[in-house]
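Chemist: This is a predicted model, with the sequence first.
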Amino acid sequence: MRHPVAGPLRYHPERFGGGAGATQRHQLLQGLKGFARERLRNTRGRLETIDHVILLGAIVMSLGIVLGAFSARFGVPFLLVFLAVGMLAGVDGPGGIRFSDTWLSFLVGNLALAVILLDGGLRTRLATFRVALKPSLSLATVGVLVTAGLVGVFAAWLLGIDWRLGLLLGAIVGSTDAAAVFSLLNSSGIRLKDRVASVLEIESGINDPMAIFLTLTLIEWLTAPEGLTPLGLALRLLVQFGVGGALGLGLGYCLANVLERIRVAEGLQAILLCSGGAMVFAIVQTAGGSGFLAVYLTGMLIGNRERAVTADTMRAMDGMAWLAQSAMFLLLGLLVAPHRIWEVAGPAVAVAAFLMLVARPVAVWLALLPFRFNARETGFIAWMGLRGAVPIVLALFPLLREVPQAGLLFRIAFAVVLASLLFQGTTVSLAARLARVLRPGYPEPLARSRLRGTRAPILEVMQFEVGPNAPVENVRADQLELPPRCRLMTVARDDALAVLDQTVLRAGDSVSVLAPVTSLPMLSALFQAPGRAPTWEQASHDFLLSGDALLRDVAALYGTRALAPEDAPLTLEAAMLRAFTSPPVEGDSVEIAGLPLTVTRMEGARILQVGLLLPRLEGDSGGRLWPRRRKDGGARSGEGAEAE
């Protein structure tokens, strides 16, 4: 102690009369001073520990992002890199971090999945949701059930465990993962057919209730089977889907109204959106429903409300979703000890191979049997059954409930996720090309901003950079021919606005256009150099036709079969709408009178543009056509067709 004037204060017992009492008081004072010094040293130690934790966390996160950006060039998913970095930072890696908090991992995993599903729902359009809902719901119920059953039987036989434990493992790995699907579809740089992409996204967003129901039911069957009844199981499944769906839509409607009426900065709006989504998740989970389903539906409702979110908010939400994914996978990587995974590597690889090559394809084929999907689309959907954080989070349930052999189930599930991300996640582009489910890609504008107060069609201000050898190069700006309802706004060159009627466009110019969202592919084609043409076998169409063209005129020139009398007066649009069994989306194909027709451009429910694929000779790649049908019904010879 120090007096502010006289200096250090010292206790002298002789000044206070001495004696035993004074000695005791002196000893007490010395003990208090020692205790204070010890507390100070402990506080400094804890502060240093906190600094070290922050430093390690920042290093691990930064390393994951840098390595992920590098590995993305080779097609390795970001999520796999984050998982690997977490494992390297863990107990068996160079980082040596000992982490075994299952409850914290479960908490972070649930919260991160809620944010990821909310972001996925925000980007789901109602039009595609209506088109893909039925097949997605079939995959989320029948598909998960069949996958869990097949994997469960195989795992029980292979591992020699109780068949109920095998079914529990099947339920844990039975559902696709929203984080993996959303991330890989957005980062792979490919454009899938709308129906295929929508089915994959919606399935991954709504299949968690069935997986959670099966997991909790089987855990209860293993720990307290006397409480299970058929009526109770049916009621639990109904509550999972019913309460989750109803509360998700209801609370999502309320949250959308709040977001429309409260104006805050975009960053705060994203935080409000995330906290509102977490609130929906917690309320629905407390009510016994599926919080994952509810938060996905909430995001979909909000994303389809015109004034609820802005483009800047969506960009902020993209950052929130990436933060949630990276933190979750890093933490789950820390939780596992790689040497324990290596102990079960053989059986785990066998279970993963059976899941990817047998169980998932059979389940997808059965679930999509009533719907109009060809073999290539079905095969691609089966291969895209990516596993990610959801199986790992579900594998924490048995650990928390102390189910026998829960550690084995966790290690097998973790290895299955690694195998799925490694083999399925790295081959998304290749599988899409082989299955021919790709749509022609186009570069995104430099910037785009939605014009508020517009609907049907929604207008945006889009900024493009004129590329070398683009179709608009060397064209005077005021003579530029744009798609319908598009208007040229400005041309910027050398950091200044140019006069439109005095400016000939050249490479590097920035052009701003006011246009409907549906015109984006055509505008991108105008301002960019023509891309590499697809090969003869990969082409989805050879030329484009208006949806208003008469079917009989096209069939007279290119048809290979007789046209039905009732189809003769129809336009291509009317004939295709009649042929489709469900509302079409861009990329859907149908054959009428031997004409392979593809929907290439839609506006609302209307088919504006149709692609026609000229028929090829079997086994030929040189561009020869089948003999065309004569107008009188006869056929020309192959030589005559080639000569023409």
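Modeler: Yes, it's here.
Chemist: helix or strand for Ala256, which one?
Modeler: Here Ala256 sits within helix 230-261, counting by DSSP states H and E.
Chemist: Give me the helices and strands touching that helix, please.
Modeler: helix 208-223, helix 266-286, helix 291-303 (3 or more CB pairs under 8 Å, 6 or more residues apart in numbering; DSSP states H and E). Quick note: C-beta positions are derived from backbone N, CA and C, even for glycine.
Chemist: Show me what the last one is packed up against.
Modeler: Okay, so that is helix 291-303. Using 3+ CB pairs under 8 Å, 6+ apart as the contact criterion, the elements in contact with helix 291-303 are helix 102-122, helix 194-206, helix 208-223, helix 230-261, helix 266-286.
Chemist: list the contacts for Ser510?
Modeler: 446, 463-466, 491-493 (CB atoms under 8 Å, 6 or more residues apart in numbering).
Chemist: So for stretch 247-267, what gets flagged as buried?
Modeler: 247-248, 251-252, 255-256, 259, 266 (16 or more other CB atoms under 10 Å).
Chemist: which among these gets closest to Leu235?
Modeler: For Leu235, the closest of the buried residues of stretch 247-267 turns out to be Leu247, at 16.6 Å, with distances computed as CB to CB.
Chemist: pLDDT score for Gly170?
Modeler: Per-residue confidence (pLDDT) for Gly170: 93.
Chemist: C-terminal to the strand or helix carrying it, which secondary structure element comes first?
Modeler: Gly170 is located in helix 163-172, with elements delineated by DSSP H and E. For helix 163-172, the succeeding helix or strand toward the C-terminus, using DSSP H and E, is helix 178-187.
Chemist: can you list contacts of that next one?
Modeler: Applying CB under 8 Å, 6+ apart, the set of residues contacting helix 178-187 from outside is 72, 77-79, 112-113, 116-117, 119-120, 123, 192, 197, 200-201, 204-205, 208, 292, 296, 321, 325, 328, 384, 386-390, 420-421, 425, 428.
Chemist: Please pick the buried ones from these.
Modeler: Judged by 16+ other CB under 10 Å, buried ones among the contacts of helix 178-187: 77-79, 112-113, 116-117, 119-120, 123, 192, 197, 200-201, 204-205, 208, 292, 296, 321, 325, 328, 384, 386-390, 420-421, 425, 428.
Chemist: which non-adjacent residue is nearest Ala114?
Modeler: Phe281 (4.3 Å; CB to CB, 6 or more residues apart in numbering).
Chemist: what's the answer for Gly170, then?
Modeler: Using CB to CB, 6+ apart and skipping the chain neighbours, the partner closest in space to Gly170 is Gly152 (3.1 Å).
Chemist: which residues of the stretch 301-450 of the chain score low on pLDDT?
Modeler: 440-442 (pLDDT under 70).
Chemist: I misspoke; the intended subject was the stretch 1-150 of the chain.
Modeler: 1-49, 53, 71-75.
Chemist: All the helices of it, residue numbers only.
Modeler: Assigned by DSSP state H, counting those that start in this stretch, the helices in the stretch 1-150 of the chain fall at 19-71, 78-89, 102-122, 126-138, 144-159.
Chemist: Now distance to Asp588 too, for these, in JSON lines please.
Modeler: Converted to JSON lines, those look like this (distance: least, CB to CB, whole Å):
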{"stretch": "helix 19-71", "distance to Asp588": "34"}
{"stretch": "helix 78-89", "distance to Asp588": "31"}
{"stretch": "helix 102-122", "distance to Asp588": "23"}
{"stretch": "helix 126-138", "distance to Asp588": "9"}
{"stretch": "helix 144-159", "distance to Asp588": "26"}
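Chemist: Go through the ones you listed and name the closest to Ile607.
Modeler: Short answer: helix 126-138, nearest of the helices of the stretch 1-150 of the chain by CB to CB, at 13.7 Å.
Chemist: What is that closest one packed up against?
Modeler: Other elements packing on helix 126-138 under the criterion 3+ CB pairs under 8 Å, 6+ apart are helix 194-206.
Chemist: For the helix it packs on, name the packing helices and strands.
Modeler: Identification of packing neighbours for helix 194-206 by 3+ CB pairs under 8 Å, 6+ apart yields helix 102-122, helix 126-138, helix 178-187, helix 291-303, helix 375-383.
Chemist: centroid residue for this protein?
Modeler: In the chain, the C-alpha closest to the average C-alpha coordinate belongs to Phe182, at a distance of 0.7 Å (CA atoms, centre = their mean).
Chemist: picking up where we left off before, the helix holding Gly170 versus helix 144-159: what angle between them?
Modeler: Our comparison of helix 163-172 with helix 144-159, counting by axes from the mean of the first three to the mean of the last three CA atoms, to 10 degrees, yields an angle of 130 degrees.
Chemist: Contacts for helix 163-172, please.
Modeler: Contacts to helix 163-172, defined as CB under 8 Å, 6+ apart, come from residues 147-157, 159, 211, 214-215, 218-219, 221-222, 351, 391, 394-395, 398, 403-405, 409, 412-413.
Chemist: from those residues, which would you call buried?
Modeler: 147-156, 159, 211, 214-215, 218-219, 222, 351, 391, 394-395, 398, 403, 405, 409, 412-413.
Chemist: partner strands of the lengthiest strand in the chain, parallel or antiparallel?
Modeler: With secondary structure taken from DSSP state E, the chain has its longest strand at strand 595-603. Each strand paired with strand 595-603, and its direction, by DSSP bridges: strand 589-592 (antiparallel), strand 606-612 (antiparallel).
Chemist: Of those, which stretch is the most buried?
Modeler: Highest mean neighbour count among these (mean count of other CB atoms under 10 Å): strand 606-612, with a mean of 19.
Chemist: Can you tell me what sits against it?
Modeler: By CB under 8 Å, 6+ apart, the residues outside strand 606-612 that reach it are 540-547, 549, 554, 558, 572-573, 576-577, 584, 595-602.
Chemist: C-alpha coordinates for it, CSV please?
Modeler: As requested, C-alpha coordinates have been extracted for strand 606-612 and formatted as CSV (Å, rounded to 0.1, in the frame of the first residue of the first chain):
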residue,chain,number,x,y,z
ARG,A,606,-45.5,-17.4,-70.8
ILE,A,607,-43.0,-19.2,-73.1
LEU,A,608,-41.5,-16.4,-75.2
GLN,A,609,-38.6,-18.3,-76.8
VAL,A,610,-38.1,-21.9,-77.8
GLY,A,611,-35.0,-23.8,-78.8
LEU,A,612,-35.2,-26.4,-81.6
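Chemist: Now do it, average pLDDT.
Modeler: For strand 606-612, the mean pLDDT works out to 83.
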